[in-house]
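Engineer: return a 3D structure for these sequence lines:
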Amino acid sequence: MNNIFITYCSWQKDEAIRDAKAKVSVDQLYTSPRIIQFIEKCQAEKVIWGILSDKHGICFEKQEYEWYDLHPGSLTADEIEQLKVKVVQQLACFSKIYFYAPTVDLHPVYQKIIDETPL
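Structural biologist: Predicted structure coming up:
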């Protein structure tokens, strides 16, 4: 069985990476305590994990990304639809998807993606 654990992204990212314009792994990019704890738990449990990103769809643990600043509220309806399609494509190979959201106050864009995709 091919499972994946997902949480949503954060505005909290390593500023040094932005200034260096370098590509780094997701665990180096995000500085949010919620994401750091999520990643550490997933790594300890040796499970596949990813971050739901406003820009990239799912940021996977073994891929590298440049620093970015994109708020979900800035996405147009068309961009949200494109993001949903991308997420569905990215998660097609997983038989079970677990979404971690420690709060019930998700941004409406994330809620829409969760409601309208396999998340």
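Engineer: quick one: distance of the helix or strand of the chain with the lowest mean pLDDT to the chain centre.
Structural biologist: One helix or strand of the chain scores below all others by mean pLDDT, DSSP states H and E: helix 15-20, with a mean of 77. Distance of helix 15-20 from the chain centroid (CA atoms, centre = their mean, to the nearest Å) equals 19 Å.
Engineer: buried sites along that helix?
Structural biologist: Of the residues in helix 15-20, I17 count as buried by neighbour count, 16 or more other CB atoms under 10 Å. For the C-beta atoms, the positions are set from N, CA and C on the backbone; glycine is no exception.
Engineer: any idea of the pLDDT on G50?
Structural biologist: Looking at G50, its pLDDT reads 96.
Engineer: then T7?
Structural biologist: Per the predicted model, pLDDT is 94 at T7.
Engineer: so it makes contact with F99?
Structural biologist: Yes: between T7 and F99 there is a contact under CB atoms under 8 Å: 7.2 Å.
Engineer: so how far is A44 from the residue lying closest to C9 once chain neighbours are set aside?
Structural biologist: The spatial neighbour of C9 that comes closest, neighbours along the chain excluded (CB to CB, 6 or more residues apart in numbering), is S53 at 4.7 Å. Distance, S53 to A44, using CB to CB, to the nearest Å: 23 Å.
Engineer: between those two, point out the one with more neighbours.
Structural biologist: Set S53 next to A44 and count neighbours by other CB atoms under 10 Å: S53 wins out with 22 against 8.
Engineer: isn't the more buried one right up against Q63?
Structural biologist: No: counting by CB under 8 Å, S53 stays clear of Q63, with 10.9 Å between them.
Engineer: so what's the gap between the longest helix belonging to the chain and the chain middle?
Structural biologist: Ordering each helix of the chain by length in residues (DSSP state H) puts helix 77-91 first. Offset of helix 77-91 from its chain centre (CA atoms, centre = their mean): 13 Å.
Engineer: neighbouring contacts of stretch 107-119?
Structural biologist: 6, 8, 52, 54, 72-73, 75, 80, 83-84, 87-88, 91, 94, 97, 99, 101, 106 (CB atoms under 8 Å, 6 or more residues apart in numbering).
Engineer: if anything else comes up later, I'll come back, but that's it for now.
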